[in-house]
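Participant: okay, predicted coordinates and the sequence, questions at the end:
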Number of protein chains: 2
Amino acid sequence: MSRWREKSWWGWGWADEALDDAACRKLAEQALRPWMPIDGSVLPIPFDPLLGPPRLVPPSMMEEAFASDSMARAAHAYGKAFRDVVRALHGELEHAPDLVCYPRTAHDVVAVLDWAEAVGAAVVPYGGGTSVVGGVEYRGDGPWISLDLGRLNRIAEIDEVNQAVRVQAGVFGPALEDALRPHGLTLRHFPQSFEFSTVGGWLATRAGGHYATGPTRIDDFVEALRVITPLGSVESPRVPSSGAGPAATGLFLGSEGALGVIVEAWLRVTRRPERKVSASLGFPVYLEAVAAVRDLVQAGLRPSNCRLLDPAEAMLNAGARDGGARLLLGFEGPSAALLPVALEICRAHGGTEREHDPAGDTFRAAFLRAPYTRDALIRLGLVVETVETACTWSRFEQLHAAVVAAVQAAAPTRVAVVTCRFTHVYPDGPAPYFTVITPARRGAEVEIWDEIKTAVSDAIAASGGTITHHHAVGRDHRPWYDGERSPLFAGALRAAKRSLDPRGILNPGVLV
Amino acid sequence: MSRWREKSWWGWGWADEALDDAACRKLAEQALRPWMPIDGSVLPIPFDPLLGPPRLVPPSMMEEAFASDSMARAAHAYGKAFRDVVRALHGELEHAPDLVCYPRTAHDVVAVLDWAEAVGAAVVPYGGGTSVVGGVEYRGDGPWISLDLGRLNRIAEIDEVNQAVRVQAGVFGPALEDALRPHGLTLRHFPQSFEFSTVGGWLATRAGGHYATGPTRIDDFVEALRVITPLGSVESPRVPSSGAGPAATGLFLGSEGALGVIVEAWLRVTRRPERKVSASLGFPVYLEAVAAVRDLVQAGLRPSNCRLLDPAEAMLNAGARDGGARLLLGFEGPSAALLPVALEICRAHGGTEREHDPAGDTFRAAFLRAPYTRDALIRLGLVVETVETACTWSRFEQLHAAVVAAVQAAAPTRVAVVTCRFTHVYPDGPAPYFTVITPARRGAEVEIWDEIKTAVSDAIAASGGTITHHHAVGRDHRPWYDGERSPLFAGALRAAKRSLDPRGILNPGVLV
């Protein structure tokens, strides 16, 4: 596959966007040294990997759909979690897939599942590979195939009358928006991974877009799905809404490749909003800002942007220097007329509008660069993790404190930064998103990450939060997911899995 | 159970609201005779039923939870579909339940499921019994128990901070709203059956409320569920949103009592809207009105009411005499400010606002009385059925024509009224709701109904509509539901059912 621009095999995004050594050192000197103990060395970007021979030989009939070269296998060994980047940087690629398969049609998917069943190989569906929860790596010992759906990338139909698009699973965010733009339409679904993630990945992991309220999770846009299982194809009817039995889409949304391979979807799209308005507000008291956001969403307002940054986040990512919280508010389309109502609610909670505030732009720039910055911090020897959840309003204050305390207790040097923002808000509670940065001992990065991750996840579970609002479960969140769902529901999923994938070849270790 | 007001055992709602013989005759003379051939006779309201002895004896341990008298058994023999009322009027009660069980606690539910498994009885969960699709009657030959959840009627917790309520399954609509009102809150879920249906019934059938857009299906309000299966209890976590695996609630919403007995739920409630605005518009051309509604919802407007009545419905149910369509529009809360935007869109499609139009009030009055009127029409010898679906916008014109044609072809006298309104509208399509009235031969009502129902359901399926938007599947919609879902998805549900209800005692014949 020739690309005009190479994707990084070991880290986030485009290879040429990774910070070079000099940029890493500059980041260390200017942004970190004052408050974070670092040794100043920079882990080098690894050479191209060379892996041992695969344990599988592609079937001759569809040989051209497979790749077995080291680079393809290394690039499909992991997702993009902290531990993935660390392991790739250290050349730990023993468990890379034996083969990468790039189906071009749904029929190819059927054929490769048949073949995998016959040879006893596991199959891990792979969209853009941006999982941060161990969703696309196989942790068993047997041979396995990474099923990269990136060539199943046709935008089959744009239906302007019904505002919907029929799209194959391997279409990436930008390609979809590029196709919709000339029609004045948009899916309006922008996860942080947008540039590097696919429709199929969004669906399989129930991705969250960056809009704070209203339709934002990919679930909200699904009209119909087509899924290939080892026993055949499942299609749900294309209707705006149905009350006929439990929703078929509901079984596959969030199934993370364990129940079938999502190959196509009808998604609802919308007209591009003509009007957008935004505001930035400062709040001296963080919990008053939390109350303002609650009040706002409980009053029936549905801002497109409602990002509440806690004081630490406001300082680090939005350049705020007053020690207060920042609320970035936005409204779109007909709702733009409702911004004044929102501002009035905020003022009642001590919020003040900040004219020409650069916080929004600063935050947006930091947000878009965040994964590249994360990779640089890793190379500088820091543990960097983002943790997200959702909880009811009344549990938030305690949950916030518990997460901060858990990180401080688990961080080896007791020097840790924990910041929090709301990514989404609901009438019954927020989705808080924490960023954790702390120094690691070189060579012990993954263990330290594991300890912090465990401590934070325990704190979230004990505080009544879900283990994930939109990062999915994968393998890394599995213990807490198992604690959060009823055993009988797990049993029902297991039974459904057995009925669709009797030999258990699909993404083993995930979901059931 | 003593009640200050008796519910009808054979027909809809309160016994004393049923039209008496004189009122039926008046309806015939004034409203029907001019355009519908009827013989003028009125089928009498039946005497209290006397059934044969039940085949089950309640376990002595929980005897007081059971009723086996004829009246209780007759009242639980059927739902409130056309065929149910006809059969009850004719005293066809051979398949009434052997026992009615009224659990008072979740523990009682566990106990009765255990006992039913032991004695080999089927258990059909029963909320308010307003099913119009054969959802609450058992059509097998063995003994069965109607599990009436009406005494599981505690409103356990009203959480103002998070705007949610914890409520048991047997709570009826009015009791819930009465409890919420002093807190300034409302569930804002008003199915037409509101007065006589329960929270558990809404959840098990994925009921639709009467609001046209936005949160309106009961699914939209569910925070968490508690379900009792024959193997034990399933609880989903109480969080505002989660991306952890396929949603557990999704398996039980719409499971119609076949996967478990929903005993309790956390539901999201909302502040009572301070502001409501409405308008009534006339459209000379029906399809232009359809286009206006599409345009309105695709522009991002979310009216609370958006009931488009086709010319026949406008004439019959809203007193319109100009042969045009009527659009009843409403906005609530902050969105009330957006009514002018909606009116402008309507005007562009030839709609004109009708000041002081009584159509809205007339429609509302007819809407609330509709089920009682339906029972009177049945007693006058008419077949009356309501059929609802959802389809994409581009399929609606053809679907509407196909339904009308199917009724005309199947109606024995070729004299049939078919009217249509939109109950809900989505950016990708409407939920059309048809009312069908046609004369029947006395004694052949159910066969004629069956023929018409089959013809209309076939027409809907062939036109790309779902077999039900909000009436559920039950037993009457089963063949079309089976046609609409993928066999592999049906297999997954069957597997889930076996894992939760291995002996298959729960509502057999429904879902799988």
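Facilitator: Yep, that arrived.

Participant: for the rest of this, base every contact and every neighbour count on C-alpha atoms.
Facilitator: Will do.

Participant: what's the longest helix in chain A?
Facilitator: The residue-count maximum for a helix in chain A (DSSP state H) belongs to helix A:359-379.

Participant: now do the next helix or strand after that one against helix A:359-379, angle only.
Facilitator: Following helix A:359-379 in sequence order, the next helix or strand is strand A:382-388 (DSSP states H and E). Angle, strand A:382-388 to helix A:359-379, by axes from the mean of the first three to the mean of the last three Cα atoms, to 10 degrees: 130 degrees.

Participant: I'd like the next helix or strand past strand A:382-388.
Facilitator: Following strand A:382-388 in sequence order, the next helix or strand is helix A:393-410 (DSSP H and E).

Participant: so that next one versus strand A:382-388, what angle?
Facilitator: Helix A:393-410 and strand A:382-388 are oriented at 160 degrees to each other (the same axes, to 10 degrees).

Participant: my guess is A:F172 meets A:E195, correct?
Facilitator: Yes: applying Cα atoms under 8 Å as the test, A:F172 and A:E195 come out as touching, 6.7 Å apart.

Participant: what about the two, which has more around it?
Facilitator: Neighbours were counted for A:F172 and for A:E195 using other Cα atoms under 10 Å in any protein chain shown; A:F172 has more, 23 against 15.

Participant: gap between the more buried one and chain B?
Facilitator: To chain B, A:F172 is 21 Å away according to Cα to the nearest Cα, to the nearest Å.

Participant: wait, what's in contact with that residue?
Facilitator: Taking Cα atoms under 8 Å, 6 or more residues apart in numbering or on different chains, we find A:F172 in contact with A:G128, A:N153, A:F194, A:E195, A:F196, A:S197, A:T198, A:V199.

Participant: got it, and A:T386?
Facilitator: Applying Cα under 8 Å, 6+ apart, we find A:T386 in contact with A:Y433, A:F434, A:T435, A:V436.

Participant: again with A:S499
Facilitator: Contacts for A:S499 (Cα under 8 Å, 6+ apart) come out as B:L488, B:G491, B:A492, B:A495.

Participant: now do it, the pLDDT please.
Facilitator: Predicted confidence (pLDDT) for A:S499: 98.

Participant: equivalent analysis for A:P334, please.
Facilitator: A:P334 carries a pLDDT value of 86.

Participant: helix, strand, or coil at it?
Facilitator: Counting by DSSP: H, G, I helix; E, B strand; the rest coil, the backbone at A:P334 sits in helix.

Participant: how many residues are close by it?
Facilitator: Considering only other Cα under 10 Å, A:P334 is surrounded by 19 other residues.

Participant: hang on, the earlier thing: need the contacts of A:F172 in CSV (columns: distance to chain B).
Facilitator: Output for those, formatted as CSV (distance: Cα to the nearest Cα, whole Å):
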residue, distance to chain B
A:G128, 18
A:N153, 23
A:F194, 17
A:E195, 21
A:F196, 20
A:S197, 17
A:T198, 17
A:V199, 16
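
Participant: wait, which of those is closest to B:P427?
Facilitator: A:V199 (20.4 Å; Cα to Cα).

Participant: for the closest one, give me phi and psi.
Facilitator: When read as degrees, to the nearest 10, the backbone of A:V199 gives phi -50, psi -50.

Participant: residues of the stretch 201-350 of chain A that sit close to chain B?
Facilitator: Contact residues, the stretch 201-350 of chain A versus chain B (Cα under 8 Å from any Cα of the partner chain): A:205-207, A:231-248, A:250-256, A:268, A:270-271, A:298-301, A:333-335, A:338.

Participant: might you enumerate the residues of the stretch 401-512 of chain A proximal to chain B?
Facilitator: Residues of the stretch 401-512 of chain A that fall close to chain B, judged by Cα under 8 Å from any Cα: A:426-431, A:464-473, A:481, A:484-489, A:491-493, A:495-497, A:499-500, A:511.

Participant: now, of these, which are buried?
Facilitator: A:426-431, A:464-473, A:481, A:484-486, A:488-489, A:491-493, A:495-497, A:499-500, A:511 (16 or more other Cα atoms under 10 Å in any protein chain shown).

Participant: give me the subset of those that lies in strands.
Facilitator: A:Y426, A:G429, A:P430, A:A431 (DSSP state E).

Participant: so who does the nearest residue to A:T205 once chain neighbours are set aside touch?
Facilitator: Leaving aside its chain neighbours, A:T205 sits nearest to A:G254 (4.5 Å; criterion: Cα to Cα, 6 or more residues apart in numbering or on different chains). Contacts for A:G254 were tallied using Cα under 8 Å, 6+ apart; they are A:L203, A:A204, A:T205, A:R206, A:A472, B:G243, B:A244, B:G245, B:P246, B:A247.
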